[in-house]
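*Asks:* Here's a sequence, model it:
(chains A, B, C and D)
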Protein chains: 2
Amino acid sequence: MASDSSTNLGVRVTIHEVARHAGVSIGTVSLALNGSPRCSAATAERVRAAAAALNYLPNHAAKSLRRQASETIALVIPDIGNPVYVAMAKAVQQVVKERHYHLSLISTDGYDQEEIHALETLTQRRVDGMILCSLRMTEPLAHSLQHASGPVCVIGGLAEIARVDNVQVNSEYGVRLAIDHLVAQGRKHIAFLNGPRNTVPAIVRGRGYLQALRQHGLDDRAHRLINTEFSVAGGYEGAMALLTKHPDIDALFCANDLIAIGAMKCLRELKRRAPDDVAVVGMDDIPEGLICTPSLTSVSLLARERGQIAAGMLLDRLTGGGNAEVNTVTVTPHLVVRESSTVGNPPGDLR
Amino acid sequence: MASDSSTNLGVRVTIHEVARHAGVSIGTVSLALNGSPRCSAATAERVRAAAAALNYLPNHAAKSLRRQASETIALVIPDIGNPVYVAMAKAVQQVVKERHYHLSLISTDGYDQEEIHALETLTQRRVDGMILCSLRMTEPLAHSLQHASGPVCVIGGLAEIARVDNVQVNSEYGVRLAIDHLVAQGRKHIAFLNGPRNTVPAIVRGRGYLQALRQHGLDDRAHRLINTEFSVAGGYEGAMALLTKHPDIDALFCANDLIAIGAMKCLRELKRRAPDDVAVVGMDDIPEGLICTPSLTSVSLLARERGQIAAGMLLDRLTGGGNAEVNTVTVTPHLVVRESSTVGNPPGDLR
DNA sequence: CTGTTAGCGCTTTCAG
DNA sequence: CTGAAAGCGCTAACAG
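*Replies:* Numbering: from 1, shown residues only, chains lettered A, B, ... in the order given. Purely as a prediction, here's the structure:
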């Protein structure tokens, strides 16, 4: 009754108890438990048995302090409410787990300050490395990044201003795919619901949009481009503003799927049918694109893959396999055609 | 060039450098930085200045090891892909932040083992306390819980088998609200798309469903009840099975909104109109309920509020304000009526 | 009010 | 192959 060997009731068991129980010194326990070869198999077995019997679990703080490593990486994302980042996080989580690390997930929810703050966790040795997915790669952030006291891998963003590992997606090409598709569907007045003006993705996508219009010989005066939040509410408001100002719009290209979903809600209220009156195309290819009516055509920016690649890259660097130079990987988006952009011949495959 | 005082380039600065720089001892630095009153204001200021100049950040592992506390709590949720848990996490995050703690978010994604594993982080002193939101409160889990080496607050689940702090929602009453509403809308053949048989919420909701049917004098043989996954895919498949077997069904009550969304997708494919042919009601009141067509009537189970309450309860216990006995709070759900259940008179307010 | 010192639990030399 | 001992960076008791 004094002690229940199957549990540890608040009484933390340390390496010392294990040593006593196994009749060896604490140094030997450490060697045995870490699978060092400089320890006889018999002793190792005895130590493991003692540890199991006592329900021993190593104190993480002590281990970190001594090893100068926490076996944890952080993933910093802009918004955990956006399913595309959830998908990314799941991919990272999987890799991290396979390689016996831990993941600390941080959502900055639009506060730039949080990103700098997250970088501090690196210096504080709470995490060994970090995957940073930021919408606003500002100068102070780039600077903190450059001088971070541990490896960082950036997903997206302007990695040009900070020389660090990064995985990019060719989103201008993604925009191109969407516009090409809409033109092929016979659309002439293609509007663009872009993200906030001060975000890197919005800048790149806006540029791509105008370029694509030009290449198709369409009016590229950008008068059908509007900036809004990367959210359903943003899409709704942006679409409302755009459609009331330009009733001739026959296609809405949206910088992400949340915006597209908000835009479709707006269309419904305005009694304009999608895709018949207005075709809609988003970006990110989130699962929600399948549940809305009509189902949403979208450009996949391979969030899952990027997360997976970034995690591998970071862990390689952490576990010694890393090389000296800066690594860059760029993935290529692809278009997923669904109902919201194809009148008459809806694609059969909705997954 | 050898040193840039505005950053620390990989060279970790410790309390010793700060002490040297400020011309005091390390003990004094510690006192000053932790705002101890036993330290003159002038010295404190000098130390703070030195720390800032050197870009000093305390080593978290060292601090944790010494203080036996990590100033971090964990939130364990079943599925980060379910927006209701994202909402809960955001609420917890906010409270945690206000009270200057850190949050470690863990998604178990259906693996029971992960929950036990998460509890180990408590013993390993990675976290000081934990909020556990589990679908399957199994015996081994309850046991680990009971003997956890730190405070745990359970959200939902069967807290009866483990005497720990908990915040509940009266979901049987929530089910009642939904069934009452459907009956009031004139529905006679109300089916129930429940969650997996071995989960606590499904057990409770299934019981509530049958009880409510009985109270309305309806057939309570449970032949229109089916168990499926708490997901869109689960809802789709479950609805397909149910509707083909029982064509007379005129209402689908779903154990959560993901199931309801999947069910609506199924209805669309079967060319059965919602709400005209089949009314649909879900539970959780996730934002996605607003983007689907028709918008989804749902029972709010107050995930945000429960997260907020649980976080407060846990932090109170951690920061000393806690009392000895086990705390229990129960919140009361409410119905949010939208289009999917009301033919003819859609409610004006869709937010 | 400030300096000195022990020690949190662990890993890792260095001896034996 | 195993034991002893130092020390990671910090806090908190205890002197002064």
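
*Asks:* A:Leu105 bridge partners, please.
*Replies:* Note on A:Leu105: beta-bridge partners A:Leu75, judged by DSSP bridges.

*Asks:* and it, how many residues sit next to it?
*Replies:* For A:Leu105, the neighbour count with other Cβ atoms under 10 Å in any protein chain shown is 21. Heads up, the C-betas are built off the backbone N, CA and C, glycines and all.

*Asks:* and if you look at A:Val326?
*Replies:* A:Val326, neighbours per other Cβ under 10 Å, totals 11.

*Asks:* For the residue in chain A that DNA strand D sits nearest to, which residues are in contact?
*Replies:* Distances between chain A and DNA strand D by Cβ to the nearest atom of the strand are smallest at A:Gly27, namely 2.9 Å. Shown in contact with A:Gly27 (Cβ atoms under 8 Å, 6 or more residues apart in numbering or on different chains): no residues.

*Asks:* Got the confidence number for it?
*Replies:* If you check A:Gly27, the pLDDT there is 92.

*Asks:* quick one: buried residues of the one helix or strand it maps to?
*Replies:* Assigned by DSSP states H and E, A:Gly27 belongs to helix A:26-33. Buried residues in helix A:26-33, defined by neighbour count with 16 or more other Cβ atoms under 10 Å in any protein chain shown: A:Thr28, A:Val29, A:Ser30, A:Leu31, A:Ala32, A:Leu33.

*Asks:* if we can go back for a sec, would you mind measuring from the residue of chain A closest to DNA strand D to A:Ile15?
*Replies:* Distance of A:Gly27 to A:Ile15, given as Cβ to Cβ, to the nearest Å: 9 Å.

*Asks:* what about stretch A:122-132, near chain B?
*Replies:* Yes. Using Cβ under 8 Å from any Cβ of the partner chain, we find that stretch A:122-132 touches chain B at A:Thr123, A:Gln124, A:Arg125, A:Arg126.

*Asks:* my guess is the first one contacts A:Ser144, does it?
*Replies:* No. Under the contact definition of Cβ atoms under 8 Å, A:Thr123 does not touch A:Ser144, with a separation of 9.8 Å.

*Asks:* can you tell me which residues contact A:Gln124?
*Replies:* A:Gln124 makes contact with B:Leu57, B:Pro58, B:Asn59, B:His60 under the criterion Cβ under 8 Å, 6+ apart.

*Asks:* typo on my end, it should be A:Pro83
*Replies:* Contacts of A:Pro83 (Cβ under 8 Å, 6+ apart): A:Asp257, A:Asp284, A:Ile286, A:Pro287, A:Glu288, B:Gly81.

*Asks:* ok, the residues you listed vs B:Leu315, which is closest?
*Replies:* Distance to B:Leu315 across those (Cβ to Cβ) is lowest for B:Gly81, with 27.1 Å.

*Asks:* so which strand or helix has the nearest residue to that closest one once chain neighbours are set aside?
*Replies:* In this structure, B:Gly81 finds its nearest non-sequential neighbour in A:Val86, 5.8 Å apart by Cβ to Cβ, 6 or more residues apart in numbering or on different chains. Taking DSSP H and E as the criterion, A:Val86 maps to helix A:83-98.

*Asks:* Send over that helix as PDB, restricted to the C-alpha atoms.
*Replies:* Output of helix A:83-98 as PDB, limited to C-alpha atoms (Å, rounded to 0.1, in the frame of the first residue of the first chain):
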ATOM      1  CA  PRO A  83      -7.500  24.000 -42.700                       C
ATOM      2  CA  VAL A  84      -4.500  24.200 -45.000                       C
ATOM      3  CA  TYR A  85      -2.200  24.800 -42.100                       C
ATOM      4  CA  VAL A  86      -3.800  22.000 -40.200                       C
ATOM      5  CA  ALA A  87      -3.000  19.700 -43.100                       C
ATOM      6  CA  MET A  88       0.600  21.100 -43.100                       C
ATOM      7  CA  ALA A  89       0.800  20.500 -39.300                       C
ATOM      8  CA  LYS A  90      -0.400  16.900 -39.700                       C
ATOM      9  CA  ALA A  91       2.300  16.200 -42.300                       C
ATOM     10  CA  VAL A  92       5.000  17.700 -40.100                       C
ATOM     11  CA  GLN A  93       3.700  15.900 -37.100                       C
ATOM     12  CA  GLN A  94       4.000  12.600 -38.900                       C
ATOM     13  CA  VAL A  95       7.600  13.100 -40.000                       C
ATOM     14  CA  VAL A  96       8.600  14.400 -36.500                       C
ATOM     15  CA  LYS A  97       7.100  11.400 -34.900                       C
ATOM     16  CA  GLU A  98       8.800   8.900 -37.200                       C
END
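
*Asks:* Now do the buried residues in it.
*Replies:* By neighbour count on 16+ other Cβ under 10 Å, the buried set for helix A:83-98 is A:83-96.

*Asks:* What residues of stretch A:117-136 count as buried?
*Replies:* Of all the residues in stretch A:117-136, those buried under the rule 16+ other Cβ under 10 Å are A:118-119, A:121-136.

*Asks:* With chain B in mind, check whether stretch A:221-233 reaches it.
*Replies:* Yes. Counting by Cβ under 8 Å from any Cβ, chain B has neighbours in stretch A:221-233: A:Val232.

*Asks:* Just the terminal-to-terminal distance for that stretch.
*Replies:* 26 Å (Cα to Cα, to the nearest Å).

*Asks:* and that stretch, average pLDDT?
*Replies:* Mean predicted confidence for stretch A:221-233 is 92.

*Asks:* Okay, now the unreliable bits of the stretch 151-300 of chain A?
*Replies:* The stretch 151-300 of chain A contains residues with pLDDT under 70 at A:158-159.

*Asks:* can you give me the helices for chain A?
*Replies:* In chain A, the helices defined using DSSP state H lie at A:15-22, A:26-33, A:41-54, A:60-67, A:83-98, A:112-123, A:139-146, A:171-184, A:200-215, A:232-245, A:257-269, A:288-291, A:303-318.

*Asks:* show me the contacts for the residue nearest to A:Arg99 when sequence neighbours are not counted.
*Replies:* Of all residues not flanking A:Arg99 in the chain, A:Leu315 sits nearest, at 5.1 Å (Cβ to Cβ, 6+ apart). A:Leu315 makes contact with A:Ile73, A:Val95, A:Val96, A:Arg99, A:Tyr101, A:Gly129, according to Cβ under 8 Å, 6+ apart.

*Asks:* So for A:Gln146, what's the pLDDT?
*Replies:* pLDDT, read off for A:Gln146, is 85.

*Asks:* go on, A:Thr7?
*Replies:* For A:Thr7, pLDDT reads 44.

*Asks:* before we move on, back to that, and the helix holding A:Gly27, is it in reach of DNA strand C?
*Replies:* Yes. Using Cβ under 7 Å from any atom of the strand, we find that helix A:26-33 touches DNA strand C at A:Ile26, A:Gly27, A:Val29, A:Ser30, A:Leu31, A:Leu33.

*Asks:* For A:Cys266, state which of those is nearest.
*Replies:* A:Leu33 (60.2 Å).

*Asks:* That closest one contacts A:Ala51, correct?
*Replies:* Yes. Between A:Leu33 and A:Ala51 a contact is recorded at 6.3 Å, counting by Cβ under 8 Å.

*Asks:* shared neighbours, the two?
*Replies:* Overlap of the contact sets of A:Leu33 and A:Ala51 (by Cβ under 8 Å, 6+ apart) consists of A:Val18.

*Asks:* can I assume A:Glu120 is in contact with B:Leu57?
*Replies:* Yes. Counting by Cβ under 8 Å, A:Glu120 touches B:Leu57, with 5.8 Å between them.

*Asks:* count of neighbours near A:Ala212?
*Replies:* If you count neighbours by other Cβ under 10 Å, A:Ala212 ends up with 24.

*Asks:* Not including adjacent chain positions, what is the nearest residue to it?
*Replies:* A:Ile179 (3.8 Å).
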